[in-house]
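> Fold the following, please.
(one chain, ligands or ions: 1)
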Amino acid sequence: MIVEQIWTGNAYRNFNYLISCPETGDALAIDPLDFKKCLAVANDRGWTITQILNTHEHGDHTGGNRGLVKATGAKIIAHKNARGRIPDVHRGVGAGDVIKVGNSVELECLDTPGHTMCHICLLSHTDQPGLFSGDTLFNAGAGNCHNGGHPNELFETFDNQLGELRDDTLIYPGHDYLLNNLAFTLDREPDNELAQQMIREYEGQDPAAALVTSMAQERDINTFFRLQSPTIVAKLAEEFPQMGDKPDARAVFLKLRELRNSW
Ligand SMILES: [Zn+2]
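Okay, here's the model as predicted:
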């Protein structure tokens with residue numbers, strides 16, 4: 001499996017992806033908003049884009065479909081419940097479905113509601129797994145829920161699915177929000193030394209050559225995986241006495257998600 005992370009350079013800071021089979025040159029485009037950049041990369045590598053996967057229905061993820069289909073004839077894949085929200089879906093997928101690219105790449109669909117209610121993450125079946133996480137999981141952060149999502153479901157997705165991923169899983173999100181998210185982590189957990197170190201190291205990083213984090217790193221720097229952190233819990237308990245001294249993981253997650261909205 002060859003992964004190309006494509007920085008769009010737009011105001012929303014989208015990442016697009018190409019995943020290609022080294023044996024056949026077939027490629028899958030994930031959320032190819034900047035379809036011209038995706039096409040240019042594919043042409044440069046000698047790849048043929050045969051499939052498009054939309055992680056979810058938002059326009060900054062689907063807006064390149066039409067142009068890319070016109071140029072390549074690629075088939076669109078999306079969550080089965082996104083039919084009707086995304087035009088011309090050829091294949092609707094759900095939890096456990098596998099997308100093949102060429103003859104050597106297998107990508108497993110995870111049904112990950114929360115950011116929207118028809119969101120797919122892809123987990124590669126490779127020696128070192130990769131997670132293409134759309135707007136569900138960002139580097140050091142979590143997706144918002146205010147355009148068709150629900151914080152409770154997002155918590156369930158983090159708790160039951162993402163939190164179970166192997167430490168060495170590489171994270172490929174739909175946007176570059178690393179620095180803002182690290183700043184939020186430090187707002188909630190000022191003594192997080194790894195987050196302090198990372199924000200210094202990656203300030204001014206070129207998103208065209210962005211850091212790819214692992215799940216092990218996310219467990220250290222992503223507030224939404226750190227619901228048991230004594231600093232985070234103590235700070236919340238102090239600021240919101242109605243939460244009590246020992247809020248459960250769900251209550252902590254929901255409060256953090258709410259605070260992140262207005263931060
Ligand atoms: Zn979105």
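> residue ranges of the helices in this protein, please?
Here the chain has its helices, by DSSP state H, at 35-45, 59-62, 65-72, 151-160, 178-188, 193-202, 215-221, 230-239, 249-261.
> Quick check, pLDDT for the closest residue to the ion within the stretch 151-263 of the chain.
Nearest to the ion in the stretch 151-263 of the chain, going by CB to the ion, is residue 174, at a distance of 6.9 Å. Placement of C-beta: from N, CA and C, glycine included. Per-residue pLDDT puts residue 174 at 98.
> Around it, how many other residues sit close by?
Residue 174 has 30 neighbouring residues, counting by other CB atoms under 10 Å.
> same deal with the one 5 residues further on?
Here the number of neighbours of residue 179 (other CB under 10 Å) works out to 17.
> close enough to count as contact, it and residue 202?
Yes - Residue 179 lies in contact with residue 202 (CB atoms under 8 Å); the separation is 6.6 Å.
> can you count the residues close to the closest residue to residue 205 other than its chain neighbours?
Counting by CB to CB, 6 or more residues apart in numbering, residue 205 lies nearest to residue 211, which is 6.5 Å off, once chain neighbours are set aside. Around residue 211 there are 15 other residues, counting by other CB under 10 Å.
> Can you name the residues of the stretch 1-150 of the chain sitting close to the ion?
Counting by CB under 5 Å from the ion, the positions of the stretch 1-150 of the chain adjacent to the ion are 58, 135.
> for the stretch 1-150 of the chain, what are the low-confidence residue spans?
Applying pLDDT under 70 to the stretch 1-150 of the chain flags no residue at all.
> show me where it has strands.
2-7, 15-20, 26-30, 48-53, 75-79, 89-93, 98-101, 105-111, 120-124, 130-134, 137-138, 141-142 (DSSP state E, counting those that start in this stretch).
> most packed of the ones you listed?
Among those, the stretch with the highest mean neighbour count (mean count of other CB atoms under 10 Å) is strand 137-138, at a mean of 28.
> For the ion, what is the nearest residue in the stretch 101-250 of the chain?
The nearest approach of the stretch 101-250 of the chain to the ion comes at residue 135, 3.7 Å away (CB to the ion).
> ok so, going back, tell me which of the helices of the chain sits nearest to residue 98.
helix 151-160 (19.7 Å; CB to CB).
> Save the helices of the chain as CSV, and put in distance to residue 85 too.
Shown next, in CSV, are the helices of the chain (distance: least, CB to CB, whole Å):
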stretch, distance to residue 85
helix 35-45, 19
helix 59-62, 9
helix 65-72, 12
helix 151-160, 17
helix 178-188, 27
helix 193-202, 34
helix 215-221, 29
helix 230-239, 35
helix 249-261, 23
